[in-house]
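A.B. asks: I need the structure of the sequence given here:
(2 chains)
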Amino acid sequence: MTATAVAIETVDVTPAELRRSRIIGFSYIVMAILVLWLFGLGTEGDARFGLAQPTERFADFPDLVLPAAPFAYGVAIVLAFLGGAQLMRGFGKWTNIILGIALLLFVFAFLTWATAGKSFSLVGMLRETVLRAVPIGLGALSGVLCERVAVINIAIEGMLLTGAFTGALVGSAARNVEVGGLNIAVILGIGVAIIAGALLALALAVLAIKYRVDQIIVGVVINIFAVGLTGFMAVRVLANNEHLNSTSTAKPIGIPLLEDIPVLGTVFFRQNIFVYVMFALTALLTFGLFRTRWGLRSRAVGEHPRAADTLGVRVYRLRYLNVMLGGMVAGFGGAYLTVGAVGRFDDNMTSGRGFIALAAMIFGRWHPVGAVSGALVFGFAEAMRTKLAILGTNIPSEFLAMTPYVVTIIVVAGLVGKARPPAADGQPYIKEGG
Amino acid sequence: MTDQIPPLEPTKDNGDEPSDSRRFFEDITGINVDWRTALMVPFLAILSALIVGAFVMVMTDIDILKKWPKNPGGAAADSWDLIYSAYQALAKGAFGSVGAWSETVIAATPLVFAGLAVAIGFRAGLFNIGGQGQLIMGGMLATIVGFQFASPSFIHIPLALFAGVLGGAIWGGIPGILRARTGAHEVITTIMMNFIALFLMNWALKTSFVRVEDRIDPLSKVIETSAKLPRLLAWLDRPELRIHAGFLVALLVAGVIWWLLFRSTIGYEFRATGFNPDAARYAGINVNRTYVMVMAVAGAAAGLAGASEVMGLHHRLFSGFQGTIGFDAIALALLGRSHPAGVVAASLLFGALKAGGRQMQAATDIPIDLILVVQALVIIFIAAPALIRAIYRVRTGEGTGVVTRGWST
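C.D. replies: Numbering: from 1, shown residues only, chains lettered A, B, ... in the order given. Okay, here's the model as predicted:
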C-alpha cells in the first residue's frame, strides 16, 4: 500500500461508515447515561484496588483508592464528551482506539461501582486475564495461520481439546525428573500435545486441500471426533488409572529485573512458559506474515491462489505447511489447560474456547496482534466473572458470563467496522490442468 | 489428482433415460437419485465407521494391549470377544425388543426436528450451528407455557408447541437478521447464541418463577398434565415404553418442510439462494429476506425439538436436557443429504446408535462417547466419498461439494 492509497481510503466516507460513526457516537452517550445512572447515583464509599501481591518484591506498593461516585461522574462526563465529538466531527483513523478507551472506561466505572466500600485485587485480576487469554490467544493465532492461506479452521476447539488430553496423559505417564531446571514430564507433555495438534491439522489439510471437502464440515467433524475420542479415552483409560491423569505443571518463571516492576511484573513477567510463548509468537507471526517472503507468499495464497500459482508459489505446499503449523500452535494452546494450569484432564474441558478463539481472530481482523488482543478481551471477561463472584454484586453471574458472547455478536455484526477475511478463505484451490 | 487432462467424453453414466419409477421419485422428492450410490455410500460409510470404532475399542483396552506381545492368539480372541459383545449389546439396545425400539424412536424424535433445522439451512447455503441454542429456547418457552397455564389438552398442547416454535424462531431469526443486514457470518453468531441461550436457561432455572419450589438444584416445575404429549403405547400398560406423540409431530413436520422446500415458492427461493445467491438476487429474489426466513424456519424446527423433549419425555426443564442434539443434527443433515426423508432415516439410525450405545455402556463398560467417534467418521466418509472410493474401489457419486461459504458474503 502506498501513502496515496491510504490517504484516499481515509478521505472517502461511505454511507455505511457514516452510519457506523453515528451508531458509535450514540453508544458513547448511552454509556455515559448508564454510568451516571447505574454506577454514579446513590453509590457510596471508596473502591480500594490492590496493585501488588504479597509475594512481590515491592509488596507494599500502595493501593489505588478511588471515591466511587465522583469517579463515575467523571467517566460519564468524559464519555459524553467523546460521544459529542464523535457525532460532530468523528475521530477518523483514531475511531477504533477511542472506542477501545471508551469501553475500558466503562468497564472500569463498573468495577469501581462493584468495589465501592470494599477492596479488590486489581493486579490479581489482570494476571488472571492473561492466563485465561492463553488458550484463546493461541487458538486464535492458529486460526490466523490457517486462514491467511484460505483454509478455514473451525477445528480449533478439537485441537485444543486433544492437546489438553495428550498433554495430561503424556505428562502423567512420563517420569517426573528435573534436568537442568526443566521438568521432563512437562516438556514431553507439551511436545506430544503439539504433535497431536499437528496430526489433526494434517487430517484437516488432507481432507480440505486434497479431497476438497467443505472446510467447515471437516472442522465440525474433527471437533465431534475430538470430543468423542477424548471423552471415550477419559472414561476408559484415565478413570481407571488415576495416576495417568495427574501431570506436573509448568511453573512460573520470573524474568530477572522485569518481574520486579510493580503491576506489570506480576501480570506479564512472572508467568509460565505458555504466556511467554503466546506473546513471542504474536510478535514472530506479525513479523513473519508482513515482513518475510513466507508471509508475502502465504497472504498471496490466501487472497488470490491462482495469481500466486502463476507466479510460481506452490499453493498446496504452503497450505499444508501453514495448516500444520496452525495445528501445532493450537495443540500447544490446549496443553496449557492441563500441563500449564490444572494438571488434569476433564471431559470436554475446553468448553467452547476454540469457538471463542475463532471469534477473537475475526475480532482481530486476521492479524496476530489483533487476534491476541481479542483473546485478552475475552480473558478479561472470564477473569472478571470469576473474581466478581468474590465481591458479591447482585448481578446474576449468568449475565456476566453471557457478556463476551453478546460482545462478540456486536463486534462481528460490524460495530468495529466490516472485517475483511482473506479473499479466497474457505475455497478449495483446483490447480489448472494439474 | 491425475497428471493428465481429463478426457473429453462425458465421465458420467451413459445418458440413458431414467426409469419411470426413478423419474417418479425425482418428481416427488425433488432430488436426483441414483439408488445404488444413494444407498451404497451411507452403508459403506457406516460400515467403515463401525470398523474404525472397533479398532478404537481394542486399542484402548489396556489388558488386551498388554497381552499382545505374550499371547497374540489370546489377545486376538479377546479383541474379537470385546468387539462382538459391544456391538451385540448395541444392536440389542437399539432393536432387540419393543422397549429397545421405543427407546430408539424416543432418541430419534428430537434428532428429526434438529436435523431438519440444519438441513433447511444447508439447502439455502446457510450453516446453522445454532440448533443447540434454538432447542434450549424452544424447550424453555414450552416449559413455561406448560406449567404456567392450565387448559384442556387440545388447546394446551398446540399452545406449548407453538411456544417452542416461537422460541426457536426468534433464536434462529436473530442470526438471520444479522446476516442479512450486516453480513455477520451465521457460524459465529449462532455459536454465540448457543452460549447465550445456555446461560439464559441456567439463570432462568434459578429464578423462583421457573424453579421448582422445594428443591435447590436447577430443576423447573413440572408441566401440567394437559401439556404432556400422550404416550403412544400407554394402552399396553408398560411404563417403560416411553415412546410419545412427539415422533408423529416430527414426521408431520418433516412432511411440511418437504412441501415447503420442494413444492412452494418460498422453498424454491430458499433453494435458489442456496444454489447461487447472486443469480437468485439477479432473478429478483430478495436474498436478505430469504436469509431471515430460512433461519427463522430452521430455528422453529429446532425449537420444536426442545418442546417435544420437555413435553413428551422429561416433563420439566433442567440444565443439560439439551444433550448434544443440536450438534448431532449437523451429522444428520449431511447423512440425510439435507432431504427431509433422508433426515428422518438418518435420525432413526442415530437414535438406534444412541439407544444402543447406552445399552453397550451398561453391558460392556465401553463408554457411549464411542458413538460420537462413529458419528464423526460417518459424516466424513459421506462428505468425502473419494475416501470410500479409495478404500472399497467402487464408483460413487460426487461428494456433498461446498455446502457452506467462507466468512463473508
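
A.B. asks: Would you mind measuring from B:A119 to chain A?
C.D. replies: B:A119 sits at a distance of 14 Å from chain A (criterion: C-beta to the nearest C-beta, to the nearest Å). (Glycine included, C-beta is placed from N, CA and C.)

A.B. asks: doesn't that residue fall inside a helix?
C.D. replies: Yes. Counting by DSSP: H, G, I helix; E, B strand; the rest coil, B:A119 is part of a helix.

A.B. asks: Pretty sure it sits against B:V343.
C.D. replies: Yes. The pair B:A119 / B:V343 is scored as a contact, 5.3 Å apart, by C-beta atoms under 8 Å.

A.B. asks: joint contacts of these two?
C.D. replies: By C-beta atoms under 8 Å, 6 or more residues apart in numbering or on different chains, B:A119 and B:V343 have these common neighbours: B:332-333, B:336.

A.B. asks: Just the buried ones from those residues?
C.D. replies: Listed as buried from these are B:332-333, B:336; burial here means 16 or more other C-beta atoms under 10 Å in any protein chain shown.

A.B. asks: Can you tell me which of these end up in helices?
C.D. replies: The helices, defined by DSSP state H, take in B:332-333 from those.

A.B. asks: In chain B, which residue sits nearest chain A?
C.D. replies: B:L372 (2.7 Å; C-beta to the nearest C-beta).

A.B. asks: That residue contacts A:A226, doesn't it?
C.D. replies: No. Using C-beta under 8 Å, B:L372 is not in contact with A:A226, being 9.3 Å away.

A.B. asks: tell me the domain ranges of the chain?
C.D. replies: No chain in the question, so chain A it is. A:13-117, A:124-415 (automatic domain parsing).

A.B. asks: that's the other chain; I wanted chain B
C.D. replies: In terms of domains, chain B is parsed into B:34-96+B:367-403, B:109-351 (source: automatic domain parsing).

A.B. asks: Mean pLDDT added to those domains, as TSV?
C.D. replies: Converted to TSV, the domains of chain B look like this (pLDDT from 0 to 100):
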stretch	mean pLDDT
domain B:34-96+B:367-403	83
domain B:109-351	92
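
A.B. asks: thinking again about what came up before, quick one: which of B:A119 and B:V343 has more around it?
C.D. replies: More crowded of B:A119 and B:V343, by other C-beta atoms under 10 Å in any protein chain shown: B:V343, with 32 against 28.

A.B. asks: How far does stretch A:111-128 sit from its chain's centre?
C.D. replies: Centre-to-centre, stretch A:111-128 and its host chain are 22 Å apart (C-alpha atoms, centre = their mean, to the nearest Å).

A.B. asks: Pull out the buried positions in that stretch.
C.D. replies: For stretch A:111-128, by 16+ other C-beta under 10 Å, it's A:111-116, A:120-128.

A.B. asks: of those, closest to chain B?
C.D. replies: A:A114 (18.5 Å).

A.B. asks: sec struct for that closest one, please.
C.D. replies: helix.

A.B. asks: got a list of what it touches?
C.D. replies: A:120, A:388, A:391, A:393 are the contacts of A:A114 under C-beta under 8 Å, 6+ apart.

A.B. asks: mind redoing it with 7 Å?
C.D. replies: By C-beta atoms under 7 Å, 6 or more residues apart in numbering or on different chains, A:A114 lies in contact with A:388, A:391, A:393.

A.B. asks: near chain A, which residues of the stretch 101-250 of chain B?
C.D. replies: Within reach of chain A by C-beta under 7 Å from any C-beta of the partner chain, the stretch 101-250 of chain B has these residues: B:127, B:178, B:182, B:184, B:187-189, B:191-192, B:195-196, B:199, B:202-203.

A.B. asks: Just want to know which of B:L372 and A:A226 has more residues nearby.
C.D. replies: A direct count of neighbours by other C-beta under 10 Å for B:L372 and A:A226 places A:A226 higher, at 29 against 26.

A.B. asks: Thought A:T162 was touching that one, still the case?
C.D. replies: Yes. The pair A:A226 / A:T162 is scored as a contact, 4.9 Å apart, by C-beta atoms under 7 Å.

A.B. asks: Can you pull the residues that touch both of those two?
C.D. replies: Joint contacts of A:A226 and A:T162 (C-beta under 7 Å, 6+ apart) are A:L200.

A.B. asks: Provide the secondary structure category for A:D60.
C.D. replies: Quick answer, by three-state DSSP: A:D60 is coil.

A.B. asks: what helix or strand does whatever residue of the stretch 101-250 of chain A ends up closest to chain B sit in?
C.D. replies: Ranked by C-beta to the nearest C-beta, the top residue of the stretch 101-250 of chain A for proximity to chain B is A:G228, at 2.7 Å. When elements are assigned from DSSP states H and E, A:G228 belongs to helix A:215-233.

A.B. asks: Mind giving me the packing neighbours of that helix?
C.D. replies: Using 3 or more C-beta pairs under 7 Å, 6 or more residues apart in numbering or on different chains; DSSP states H and E as the contact test, the elements touching helix A:215-233 are helix A:156-173, helix A:184-205, helix B:325-335, helix B:369-383.

A.B. asks: Tell me how far the very next helix or strand once past it lies from the chain's centre.
C.D. replies: Using DSSP H and E, the helix or strand that follows helix A:215-233 in sequence is strand A:253-254. Offset of strand A:253-254 from its chain centre (C-alpha atoms, centre = their mean): 22 Å.

A.B. asks: ok, residues contacting the helix or strand just after strand A:253-254?
C.D. replies: Note on strand A:253-254: by DSSP H and E, the next helix or strand toward the C-terminus is helix A:264. By C-beta under 7 Å, 6+ apart, no surrounding residue is in contact with helix A:264.

A.B. asks: downstream neighbour of helix A:264 in the secondary structure list?
C.D. replies: strand A:270-271.

A.B. asks: Nearest residue to the middle of chain B?
C.D. replies: Relative to the mean C-alpha position of chain B, the nearest C-alpha, by C-alpha atoms, centre = their mean, is the one of B:A329, at 2.6 Å.

A.B. asks: With adjacent residues omitted, what lies nearest to the residue of the stretch 101-250 of chain A closest to chain B?
C.D. replies: B:L372 (2.7 Å; C-beta to C-beta, 6 or more residues apart in numbering or on different chains).

A.B. asks: buried residues in stretch A:55-74?
C.D. replies: Buried residues in stretch A:55-74, counted by 16+ other C-beta under 10 Å: A:56, A:61, A:63, A:66-69, A:71-74.

A.B. asks: Now tell me which of those residues the prediction trusts least.
C.D. replies: The weakest per-residue confidence within the buried residues of stretch A:55-74 falls on A:E56 (75).

A.B. asks: okay, and for chain A, where does confidence drop off?
C.D. replies: A:1-13, A:180-181, A:414-419, A:433-434 (pLDDT under 70).

A.B. asks: those strands in it, which residues are they?
C.D. replies: With DSSP state E as the criterion, chain A has strands at A:46-50, A:64-67, A:119-121, A:178-179, A:182-183, A:253-254, A:270-271.

A.B. asks: surely A:E157 meets A:V221?
C.D. replies: No. Contact criterion C-beta under 7 Å: A:E157 and A:V221 do not qualify, at 11.9 Å.
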